[in-house]
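In: Structure, please.
(chains A, B and C)
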Amino acid sequence: MIEKVRRGKSEELTLVIITVGAVAAMSLFLPDKFLTLTNFQSMASQFPEYGLLALGIMLTMITGGIDLSVVSIANLSGVAGAMVLASHTKALALGLSPATIIFLAILAALAVGAICGFINGFVITAVGVPAIIATLGTNGLFMGVAIILTEGHGIRGFPEEFLFIGSGTILHLPMPLIIFVLVASMVALMLRKSSQGFKMYMLGSSPLAARFSGINNNKVLIKTYLLSGLLAGIAAIIIISRVNSMRPGYGYAYLLLGVLIAILGGTNPDGGRGGVLGLSMAIVILQVLQSGLNILSFSPFLKKFIWGLILILVMVITYFQTYTWSGRRLIQNSLKTGAS
Amino acid sequence: MIAKLLRRNETYLFFVIMAFSLVVTMINPTFLTVENMFDLVKSSSGMAILAVGFFVGLLAGGIDISFPAIAIAGQYIAVNTLIALGVDNLLLAFVLSCAVGTAMGAINAFFISAFRMPALIVTLGTSNIFHGALLVFVGTRAINTGQLPDCFKAFGHMHVLTLTRADGTTYGLSVFAVVLLGIIVVTWFLLKHTLLGKSIYAVGGSYESSKRAGFSINRTLFFVYSYIGFLSGIMGVMHLSLIRYSNPNYIVDTELLKVIAAVVIGGSKITGGSGTLVGTLLGVVMMVILEKNLVLIGLSSYWHQFFTGLIIVLGVSITHYQSKLQSKKSLSFAD
Amino acid sequence: MASFLEVKNISKAFDGVQALEDVSMAINAGAIHCLVGENGSGKSTLIKIIGGVLKPDKGEIRIDGKLFRPGRAIDSIRRGIQIIYQDLSLFPNLTAAENISLNQLIEKGNKFISEKNVIKTSEKALMEIEEECDLFAKVENLSMSKRQIVAISRALTQNARLIIMDEPTSAITKAEIDHLFSVIMRLQAKGIATLFVSHKLGEVFEIAENVTILRDGRKIGDYAAGELDNDKLTFLMTGQKIVSTPYVRDPENLADANLLEVKNLSRKGHYRNITFAIKRGDILGITGLIGSGRTELALSLFGLNRPDSGEIVLEGRSVEINSAEEAIKLGVGYLPEDRLLQGLFVEKSIGSNIVVTIVAKLLNRLKLISGAKRQRVEYDWIDKLKIKTPSAALPASSLSGGNQQRVVLAKWLATNLKLFVLDGPTIGIDIASKSNIHDIIRDFAGEGVGIILISDEIPEVLQHCNRALVMREGRIAAAIEDITRVSESDIFDMATAQNVDQVR
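Out: Numbers count the residues shown, from 1 in each chain, chains lettered A, B, ... in the order given. You can find the predicted model right below:
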């Protein structure tokens, strides 16, 4: 079984190699286009949106579930934030400062994200619906509310100051990148060092054993889905600021990308394994690839095709890794003890 | 017999549908007319076919979300081939579309059975592969009514039963109804009277027991996902004949959600092995009536997606809450 | 009489571990044969080889004297060998009739099936054993004993000549066991042999004719059922004469007040009117059949099965325990029956498994888990309970059964327990580890923890408890205050007797 521990390490090593390889290949073949500050800045402001959504998906996958509603939550949170922002001319007239309005908008987006996440957690724990179908349903529900609120139209007309969040830079570093790094670090700290994080891994590894060890599974799960919703809320703030408008239906392709990143980053969809480090490398790999495809002006359809292909490929590779190492051992062990 | 009926989900759903139709008819007397019914059958038979496919997948314990992509791929490849060859033959269109669909379904089946991967994640990947490949390798241009071979239009207009209105004009029951009926009968026969059908229930009910009983699980899964692809192919051609327009970019998840909602309120368990064809069809009826009449209740079409999502959540909540109570009683702790 | 099945000199190794070595056995047509051995003695491997699931490294199988080399499970089925595993391998979502007839239909290669045919096949199979069953009911709605009937009927549809039953009596009541036996007798009358596979002595001895005993992959011998008694069988199975040093509570150093009082506790369908008390340092054994309500009662004490009525008093305070979390706060721990599923996080590290119940105590001022504290606790318990591992970071699956169980014990002992409920703590564990685990339990009882030890194995209760309850059909059938004054057969009778009035 020592192989299994080794496998965890080798998985991360594989990711590092791929990451370095991808960056090196791009730098070598497209130095004048890839290795520019503008390109790096544009990459760094693109990925945080779906990177945050992928973080949420990863958290739920660690507990053995999945959150398919992250894109819808981001849309609904975005709508909530945008509605507050769009009313700024009226609010200014009432004597509110732009800073207050922006603060309220951010609060609204985060609150809506958290509420949506809580609803997911509630349906999954109190009613006992499998996460996969519960979040598929709420995915429609949340997007539906966003459509109702906007009647399908886009919301625009935000205060100038707000756009800094999505397009501003500090020391050449794009704001979205800074936000992502901060949030991802906090999530990493939570996973590695907090009691919630520890319980999430244990619960994901065996919900039954968790219950028999006095872990309050429902509490842990509700917190997890709430967190995933909150992350979608943060993504929403970046999105509306970067796009400078909000229209429901934004980022439909992010769901695939999010699941892909989570799995590529070594998260086990059966629960119990995954982490921010692997996820971050998966993001870098995909963003570099994406940027390369953009520079080579590949069509978005081809990208879609490639993302799908990579997802399946990663799953197949994971299958072979599991089966050649731990899987075979597990089967043999259980045969030995007659437990199977 | 009555007691047995009362214990079934379908009975309740049936009464809900009756009550709802009654209310709608009171507000809008034209609802419960033969003509309107014929219309509903025509416009929703495509969705019903997809629901049947999704239901069969669920029985075997898998959630296949690639059928919208497969349907559009089958449709678009078929119509383009017909135009390129200059042939105007509906049968060929069906053969092509179904062949494409079945092949794509078989690809799903391969990954799901050979690598024991969750169907949802596999089909999330393959639906992007299929759709992406379609747009890259086949084309992105929409086919409009003018370019459409006549056979599709004729198929869309074909009636199997024609009635005359008071003013002398005619209306009729679309041939779509026959296609749908055929698929229902075949699926029913398959599930009820063939070993393959029982093996679908068996695999969804207990994977381990199926293996021990000597079922060829891979063959069963291969059939299930190929069948879903095949049905999606049929739906693709029907949908094209209905709207007389083929846009390869058109692939919306609202259709997906509606189908899932229909199957789920039909009482099928998302964890596999349990559910009935009747329930699925009643679920489709429920969804169609609801969709067509939201406007009637004074809600704009913007509410569609909201209601679809709500129905999925409520539908699964009811089925799973029951089993949660059950497992509490028996201390099985099935999470 | 000619043997129906003969296995000769079978050997099988996994990964260099010898699971079976040179085992031979013969079963006559229509015989009722028993294969016994402790967990890990190789019985499962042997029946899997007979059933065509595994291939032996050496040795041969003969059916009716002719050499038989099964390649797959279906080969054995075709020759009339049917294995009914403990989980019965039924389809819960299909009807009884479908469950009975499906296998035969697969075997026949029928593409189509008619309901009429399905019903007819099932009725015929049921008739053969003179049984009845609601053929249209889904199997998930049938009782355990009815499910067994379904599984046996299924075997009959495929012309079974030998039915191998894995632990058939562990989940059914005495009355149902008697019923099962009458079915087996009817099978015997038809010339169908039965092989019981069991890890304990029990009821099957009532009807078995011959007994084959395995230990550590080797055959100890064949015996006529009549020449064995409990002590002899235990000795043959374990290879050890059990030295009885009964556990005695030390009244000098332990408070005399009741630690736990359970008053009239009831839960519909699970148990009724349970009243008992235990003191610090008591090891209270609870024994009874599966389904007698013992596990259900234990879960109620641990907050996972809320009682309908009655009272639980802990250290003089009436408490309500509604979740495992609350139980832990009150100082109640529970070691579950199923170690691999309920007790352990198999893929997780040994260390994580140990600290899972006490993470809250490892937090520093920033509410973060302190790595140093965590490591100290982990290695403390690894040392204390002598868990054999080079590192706490290895997954629990890397350990042997006995070491795994010590990890589960550590997880609970780390929580400052007052009351520790152990449900089958030595199931599937080798002899050496068993006695070590018993020592750990005794040590902690000595330090003042109140212990409830639930066990199938009456000798375990006799040797390691100072008091015992015998449960039957949800009630306490007997409360034994001085364990030294009863014998194994006394307790066996109390647990299985038909009426509840013979309470001692």
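In: Next, count neighbours for the closest residue to C:Gly448 other than its chain neighbours.
Out: Using Cβ to Cβ, 6 or more residues apart in numbering or on different chains and skipping residues adjacent in sequence, the residue nearest C:Gly448 is C:Arg280, 4.4 Å away. Quick note: C-beta positions are derived from backbone N, CA and C, even for glycine. C:Arg280 has 22 neighbouring residues, counting by other Cβ atoms under 10 Å in any protein chain shown.
In: so what's the backbone phi/psi at C:Arg280?
Out: Backbone torsions of C:Arg280, given as degrees, to the nearest 10, read phi -60, psi 130.
In: again with C:Val319
Out: Backbone torsions for C:Val319, taken as degrees, to the nearest 10, come to phi -130, psi 150.
In: beta partners of whatever residue of the stretch 401-504 of chain C ends up closest to chain B?
Out: Nearest residue of the stretch 401-504 of chain C to chain B: C:Asp423, at 12.4 Å (Cβ to the nearest Cβ). With beta bridges defined as DSSP bridges, C:Asp423 has these partners: C:Ile454.
In: and it, how many neighbours does it have?
Out: 22.
In: Is it in contact with C:Leu335, as I believe?
Out: Yes: between C:Asp423 and C:Leu335 a contact is recorded at 6.3 Å, counting by Cβ atoms under 8 Å.
In: Next, the contact list for the nearest residue to C:Met165 once chain neighbours are set aside, please.
Out: Leaving aside its chain neighbours, C:Met165 sits nearest to C:Ile84 (4.9 Å; criterion: Cβ to Cβ, 6+ apart). With contact taken as Cβ atoms under 8 Å, 6 or more residues apart in numbering or on different chains, C:Ile84 is in contact with C:148, C:151-152, C:155, C:163-166, C:168.
In: and the gap between C:Ile84 and chain B?
Out: As judged by Cβ to the nearest Cβ, to the nearest Å, C:Ile84 and chain B stand 10 Å apart.
In: Quick check on that residue: phi, psi?
Out: Reported as degrees, to the nearest 10, the phi and psi values for C:Ile84 are phi -110, psi 110.
In: Any stretches of chain B with poor pLDDT?
Out: When residues are selected by pLDDT under 70, those of chain B lie in B:1-8, B:251-254, B:327-335.
In: what's the domain layout of it?
Out: According to automatic domain parsing, chain B is divided into the following domains: B:1-32+B:256-335, B:49-251.
In: Contacts only, for the residue of the stretch 401-504 of chain C closest to chain B.
Out: Applying Cβ under 8 Å, 6+ apart to C:Asp423 gives the contacts C:294-295, C:298, C:334-337, C:454.
In: Equivalent analysis for C:Glu98, please.
Out: B:198, C:91, C:118 are the contacts of C:Glu98 under Cβ under 8 Å, 6+ apart.
In: gap between it and chain A?
Out: Using Cβ to the nearest Cβ, C:Glu98 is found at 26 Å from chain A.
In: host element of that residue?
Out: helix C:96-108 (DSSP states H and E).
In: how far out from the middle of the chain is the helix or strand containing C:Val197?
Out: Assigned by DSSP H and E, C:Val197 belongs to strand C:193-198. Here strand C:193-198 is found 17 Å from its chain centre; the criterion is Cα atoms, centre = their mean, to the nearest Å.
In: Now do it, average pLDDT.
Out: The average pLDDT for strand C:193-198 rounds to 88.
In: Show the subsequent helix or strand relative to it.
Out: Next in line after strand C:193-198, if elements are assigned by DSSP H and E, sits strand C:210-215.
In: buried set for the next helix or strand after that next one?
Out: Going down the chain from strand C:210-215, the next helix or strand is strand C:218-224, by DSSP H and E. Buried residues in strand C:218-224, counted by 16 or more other Cβ atoms under 10 Å in any protein chain shown: C:219-220, C:223.
In: Equivalent analysis for stretch C:315-329, please.
Out: Residues of stretch C:315-329 classed as buried by neighbour count (16+ other Cβ under 10 Å): C:315, C:319, C:321, C:323-328.
In: For residue 100, which non-adjacent residue is closest in space?
Out: As the question left the chain open, I've gone with chain A. Spatially, and ignoring its direct neighbours in sequence, A:Thr100 is nearest to A:Ala91 (7.9 Å; Cβ to Cβ, 6+ apart).
In: I was thinking of chain B, sorry if that wasn't clear
Out: Nearest residue to B:Val100, sequence neighbours excluded (Cβ to Cβ, 6+ apart): B:Gly74, at 4.4 Å.
In: Would you check how far apart the one you found and B:Ser226 are?
Out: 13 Å (Cβ to Cβ, to the nearest Å).
In: More neighbours: these two, which one.
Out: Regarding B:Gly74 and B:Ser226, a neighbour count based on other Cβ under 10 Å identifies B:Gly74 as having more, with 33 against 19.
In: Let me see the ranges of the strands in the stretch 101-250 of chain B.
Out: B:159-164, B:170-174 (DSSP state E, counting those that start in this stretch).
In: which of the ones you listed is buried the deepest?
Out: Among the strands of the stretch 101-250 of chain B, the stretch with the highest mean neighbour count (mean count of other Cβ atoms under 10 Å in any protein chain shown) is strand B:170-174, at a mean of 17.
In: helices and strands of chain C: which one has the lowest mean pLDDT?
Out: Least confident helix or strand of chain C, by mean pLDDT, DSSP states H and E, is helix C:488-496 with a mean of 74.
In: in chain A, which residue is closest to the centre?
Out: A:Ala54 (1.8 Å; Cα atoms, centre = their mean).
In: what comes up buried for the helix or strand hosting that residue?
Out: Assignment of secondary structure by DSSP H and E places A:Ala54 within helix A:37-62. Residues A:39-40, A:43-62 are the ones in helix A:37-62 that count as buried (16+ other Cβ under 10 Å).
In: who are the neighbours in contact with residue 87?
Out: No chain in the question, so chain A it is. Under the contact definition (Cβ under 8 Å, 6+ apart), the residues listed for A:Ser87 are A:Ile101.
In: Let me rephrase: I mean chain B.
Out: Counting by Cβ under 8 Å, 6+ apart, B:Val87 touches B:Pro149.
In: Can you pull the phi and psi angles for it?
Out: With angles defined as degrees, to the nearest 10, B:Val87 sits at phi -100, psi 140.
In: Flag every residue of the stretch 151-300 of chain A that's near chain B.
Out: Within the stretch 151-300 of chain A, the positions adjacent to chain B are A:151-152, A:207-208, A:211, A:217, A:252, A:255-256, A:259-260, A:263, A:269, A:299 by Cβ under 8 Å from any Cβ of the partner chain.
In: Any chance of these in a markdown table with pLDDT, neighbour count and distance to C:Ile382 as columns?
Out: Conversion of those to a markdown table gives the following (pLDDT from 0 to 100; neighbours: other Cβ atoms under 10 Å in any protein chain shown; distance: Cβ to Cβ, whole Å):
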| residue | pLDDT | neighbour count | distance to C:Ile382 |
| --- | --- | --- | --- |
| A:Glu151 | 84 | 10 | 63 |
| A:Gly152 | 76 | 14 | 62 |
| A:Pro207 | 90 | 21 | 26 |
| A:Leu208 | 88 | 18 | 24 |
| A:Arg211 | 89 | 21 | 25 |
| A:Asn217 | 91 | 20 | 27 |
| A:Tyr252 | 79 | 14 | 51 |
| A:Leu255 | 87 | 23 | 44 |
| A:Leu256 | 85 | 21 | 44 |
| A:Val259 | 89 | 27 | 39 |
| A:Leu260 | 89 | 26 | 40 |
| A:Ile263 | 88 | 25 | 34 |
| A:Pro269 | 82 | 24 | 32 |
| A:Ser299 | 83 | 13 | 58 |
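In: quick check, nearest of the contacts of C:Glu98 to chain A?
Out: Checking the contacts of C:Glu98 against chain A by Cβ to the nearest Cβ gives C:Phe91 as the nearest, at 19.2 Å.
In: tally of neighbours for the closest one?
Out: Counted with other Cβ under 10 Å, the neighbours of C:Phe91 add up to 23.
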